[in-house]
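# Predicted model, plus sequence, below.
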Amino acid sequence: MGSLRAILRNPEDLYPLLKLKLASRNAEKQIPSEPHWGFCYSMLQKVSRSFAFVIQQLDTDLRDAVCIFYLVLRALDTVEDDTSIKTEIKVPILMAFHQHIYDREWHFACGTKEYKVLMDEFHHVSTAFLELGRGYQEAIEDITMRMGAGMAKFICKEVETVDDYDEYCHYVAGLVGLGLSKLFHASGKEHLASDAISNSMGLFLQKTNIIRDYLEDINEIPKSRMFWPRQIWSKYVNKLEDLKHEENSVKAVQCLNDMVTNALIHIEDCLKYMSDLRDPAIFRFCAIPQIMAIGTLALCYNNIEVFRGVVKMRRGLTAKIIDRTKTMSDVYGAFYDFSRMLKYKIDDSDPNARKTKDSLEAVLKICRDSGTLNQRKSYIIQSKPQINATVIVIFFIILAILLAYLSASRPSNI
């Protein structure tokens with residue numbers, strides 16, 4: 001019912017949603033028949049549907065490498081995330097994970113739901129990994145080794161300073177950026193990007209996730225997971241968990257805004273990285289998550305709901321971003337729109353208001369200087385939607401056609 005209400009409020013979302021649904025359906029039909037590859041691509045759909053859709057558009061050899069890279073790191077992250085695993089068991093697994101990917105028999109019981117299935121049947125991932133080209137294998141092994149060691153370090157270390165925060169984000173996400181750059185280069189489709197801007201691509205996404213997921217992480221059972229740096233949150237409260245208490249709402253929002261402002265420093269590098277890409281499929285693969293990140297930060301900024309529940313983009317806006325992101329002008333337009341949206345939410349009384357505005361002005365200037373803003377459609381600026389009976393009728397007609405199509409195209413043995 002919530003999805004229907006969102007579509008009726010934003011009827012322009014309907015077409016992109018339908019396109020995404022059909023494209024996802026077609027992607028599911030392309031899952032390879034070999035058991036190990038079938039498992040890997042099916043699992044990719046389960047752990048990240050939108051990510052899986054973008055991966056499917058890459059050329060075959062690179063697509064397979066990125067798929068396995070993602071699943072290996074997702075499995076590594078599942079070990080790190082499982083707070084029920086004792087430290088003396090978890091640390092050796094993280095340190096040796098880069099060796100386990102060569103073992104067709106290795107698996108480890110942890111995680112929940114689809115992540116538990118991934119870990120229980122990890123031998124499928126190892127089998128697929130061993131079929132990749134040597135250049136891809138070496139890149140994946142190197143990043144997995146470095147990431148596992150970094151995760152192990154922070155199992156026994158708190159995120160105290162902003163430098164600690166950057167170091168942690170480097171291990172769990174910046175290295176992903178470095179690894180992807182190596183895979184793109186190994187494919188012969190891209191020049192090798194510098195470590196610095198590759199790292200920023202990962203840090204921007206990871207910091208956005210850490211900001212958005214505050215409540216989920218702090219409420220983790222049996223033990224809270226804390227990634228916000230003490231150097232930031234201690235300016236506002238005595239304990240990180242105090243941010244979720246209603247009596248601390250003003251301080252909580254100020255702390256949140258401080259965290260968002262910290263994440264904005266990576267945008268210039270991200271725009272530089274994307275502007276240097278040559279392959280259209282690789283470009284979309286990189287650009288869509290980055291636009292999602294700036295959009296999520298715009299929603300989270302100055303928003304107390306981050307400490308009350310889940311703040312995320314509506315599905316229709318996500319579909320619109322996936323549908324419209326094709327060129328660098330689309331990226332500049334999206335960053336321009338969401339940066340303006342965030343800027344309008346700044347309260348001059350916020351302790352970091354000036355710093356936040358300065359960061360956003362730098363982003364807006366880059367976007368304006370690109371000279372491409374008049375070539376794009378806005379993601380978020382729209383006239384007030386007019387909901388009437390005609391719109392509702394059209395919606396249900398299209399929905400009926402879609403359901404009929406999906407029913408007719410469903411394999412008979414299901």
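That came through fine.
# right, and residue 300 touches residue 310 too?
No: here residue 300 lies out of contact with residue 310, judged by Cβ atoms under 8 Å, at a distance of 10.7 Å. Every residue, glycine included, has its C-beta placed from N, CA and C.
# Can you give me the domain assignment for this protein?
Here the chain is described, according to the TED database, as comprising the domains 27-157, 211-376.
# Just the buried residues of the host helix or strand of residue 274, please?
Assessed by DSSP states H and E, residue 274 sits inside helix 267-275. Across helix 267-275, burial judged by 16 or more other Cβ atoms under 10 Å covers 267, 269-274.
# Same list, the residues you listed, but as CSV with pLDDT and distance to residue 194 please.
Converted to CSV, the buried residues of helix 267-275 look like this (pLDDT from 0 to 100; distance: Cβ to Cβ, whole Å):
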residue, pLDDT, distance to residue 194
267, 98, 16
269, 98, 9
270, 98, 13
271, 98, 14
272, 98, 9
273, 98, 9
274, 98, 14
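# if we can go back for a sec, contacts for the helix holding residue 274 next, please.
In this structure, residues lying in contact with helix 267-275 by Cβ atoms under 8 Å, 6 or more residues apart in numbering are 193, 196-198, 200-201, 204, 283, 286-287, 290, 294, 328, 331-332, 335, 359, 362-363, 366.
# Let's see which of these end up in helices.
Counting by DSSP state H, the part of the contacts of helix 267-275 found in helices is 196-198, 200-201, 204, 283, 286-287, 290, 294, 328, 331-332, 335, 359, 362-363, 366.
# Could you give me the PyMOL syntax to select whichever of these are buried?
One line in PyMOL is enough to select the buried members of the ones in helices among the contacts of helix 267-275, burial here meaning 16+ other Cβ under 10 Å:
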select buried, resi 197+198+200+201+204+283+286+287+290+294+328+331+332+335+359+363+366
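# now the stretch 1-150 of the chain, which segments are flagged as low pLDDT?
For the stretch 1-150 of the chain, the stretches flagged by pLDDT under 70 are 1-11, 13-17, 19-30, 49-50.
# What are the boundaries of the helices in it?
Along the stretch 1-150 of the chain, the stretches classed as helices by DSSP state H, counting those that start in this stretch are 2-9, 14-29, 35-47, 49-55, 60-81, 87-100, 113-120, 123-129, 134-155.
# And the stretch 251-400 of the chain, by the same measure?
Remark: helices assigned in the stretch 251-400 of the chain by DSSP H, counting those that start in this stretch are 267-275, 280-300, 315-324, 328-344, 353-369, 389-409.
# how about the domains of the chain, which one is nearest residue 18?
Nearest to residue 18 among these is domain 211-376; the distance by Cβ to Cβ comes to 8.4 Å.
# can you tell which of the helices of the stretch 1-150 of the chain is closest to residue 370?
Evaluated over those, closeness to residue 370 peaks at helix 49-55, with 23.0 Å, by Cβ to Cβ.
# Could you check the closest one and say which residues are buried?
Residues of helix 49-55 classed as buried by neighbour count (16+ other Cβ under 10 Å): 50-55.
# The nearest residue to residue 98 once chain neighbours are set aside - how many residues pack around it?
With Cβ to Cβ, 6 or more residues apart in numbering as the criterion, residue 98 has its nearest non-adjacent residue at 3.8 Å, and that residue is residue 145. Per other Cβ atoms under 10 Å, the neighbour tally for residue 145 reads 17.
# next one: residue 106
Once other Cβ under 10 Å is used to define contacts, residue 106 is seen to have 16 neighbours.
# Could you pull up the residues touching the closest residue in space to it that isn't next to it in sequence?
Taking Cβ to Cβ, 6+ apart, and ignoring the residues beside it in sequence, residue 106 has residue 100 as its nearest neighbour in space, at 4.4 Å. Under the criterion of Cβ under 8 Å, 6+ apart, the contact list for residue 100 reads 93, 106, 122, 126.
# Then residue 253?
By Cβ under 8 Å, 6+ apart, the contact list for residue 253 reads 302-304.
# list the buried ones in stretch 346-357?
With burial defined by 16+ other Cβ under 10 Å, the residues of stretch 346-357 counted as buried are 346, 350, 352, 355-357.
# Format those residues as CSV; extra columns: pLDDT and distance to residue 181.
Converted to CSV, the buried residues of stretch 346-357 look like this (pLDDT from 0 to 100; distance: Cβ to Cβ, whole Å):
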residue, pLDDT, distance to residue 181
346, 97, 34
350, 97, 36
352, 97, 31
355, 98, 30
356, 98, 29
357, 98, 32
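# ok, of these, which one's closest to residue 40?
Nearest to residue 40, judged by Cβ to Cβ, of those is residue 356 at 41.4 Å.
# Quick check: chain neighbours aside, which residue is closest to the closest one?
Using Cβ to Cβ, 6+ apart and skipping the chain neighbours, the partner closest in space to residue 356 is residue 261 (4.6 Å).
# and if you look at residue 342?
In this structure, residue 342 finds its nearest non-sequential neighbour in residue 298, 4.3 Å apart by Cβ to Cβ, 6+ apart.
# same thing with residue 244?
On the basis of Cβ to Cβ, 6+ apart, the spatially nearest residue to residue 244 that is not a chain neighbour turns out to be residue 307, at 4.7 Å.
# pLDDT score for the one you found?
Per-residue confidence for residue 307 comes out at a pLDDT of 96.
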